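Trainee: Structure for the following, please:
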Amino acid sequence: MAKNAIILSLILVLSLATTGCALFLIGAGAAGGIAISKDSAELNLDKPYAEVYEATVDVLDEMGAVKLQDIKAGRVEASVQGSSVTAKVKRITEKTTGITVSARKNLLPNVDMAVNVLNNVNNKFQ
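Mentor: Got it, this is the predicted structure:
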């Protein structure tokens, strides 16, 4: 049984690695985990918009320097460890909010940083 799970996981990883627009889910306790693409990461939380926006600002402020906050547009921009980070917070339903984070360092995507930001936001609600 474990051998089949390992083989299935390997096939899944290899198939995602060879496609052009791979989207990959990693575990998180929220509403389904973090979805990762080539240049961003996404997380949906079962929390109201204002709480998620505030948590995102707090995390980016703790990790680096917030450069722009626009709660109406759901946008937060920051500089974190040499990366330019942009978080976009959007209301999905009254009680569910999505966050998309993209990070760039030297003009190249820094998906690890984006995932780190989302993990820190998610941890605020644990």
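
Trainee: mind listing the helices in the chain by residue range?
Mentor: Using DSSP state H, the helices found in the chain span residues 2-17, 49-63, 111-124.

Trainee: By mean pLDDT, flag the weakest helix or strand of the chain.
Mentor: Across the helices and strands of the chain, the lowest-confidence element by mean pLDDT, DSSP states H and E is strand 24-26, at a mean of 45.

Trainee: about what we covered before: and the helices of the chain, which one's lowest on average pLDDT?
Mentor: Here the lowest mean pLDDT among the helices of the chain goes to helix 2-17, at a mean of 47.

Trainee: Neighbours of Lys90, how many?
Mentor: 17 (other CB atoms under 10 Å). All C-beta atoms are positioned from the backbone trio N, CA, C, and that covers glycine.

Trainee: Any figure for the gap between it and Val121?
Mentor: As judged by CB to CB, to the nearest Å, Lys90 and Val121 stand 14 Å apart.

Trainee: okay, and the common contacts of the two?
Mentor: Taking CB atoms under 8 Å, 6 or more residues apart in numbering as the contact criterion, the common neighbours of Lys90 and Val121 are Ile99.

Trainee: List the residues that contact Lys124.
Mentor: Per CB under 8 Å, 6+ apart, neighbours of Lys124: 55, 58-59.

Trainee: So which of these wins on neighbours?
Mentor: Top of the contacts of Lys124 by neighbour count (other CB under 10 Å): Val59, with 27 neighbours.

Trainee: got the contact list for that residue?
Mentor: Val59 neighbours (CB under 8 Å, 6+ apart): 117, 120-121, 124.

Trainee: Pretty sure Arg91 sits against Ala73.
Mentor: No. Using CB atoms under 8 Å, Arg91 is not in contact with Ala73; the gap is 11.9 Å.
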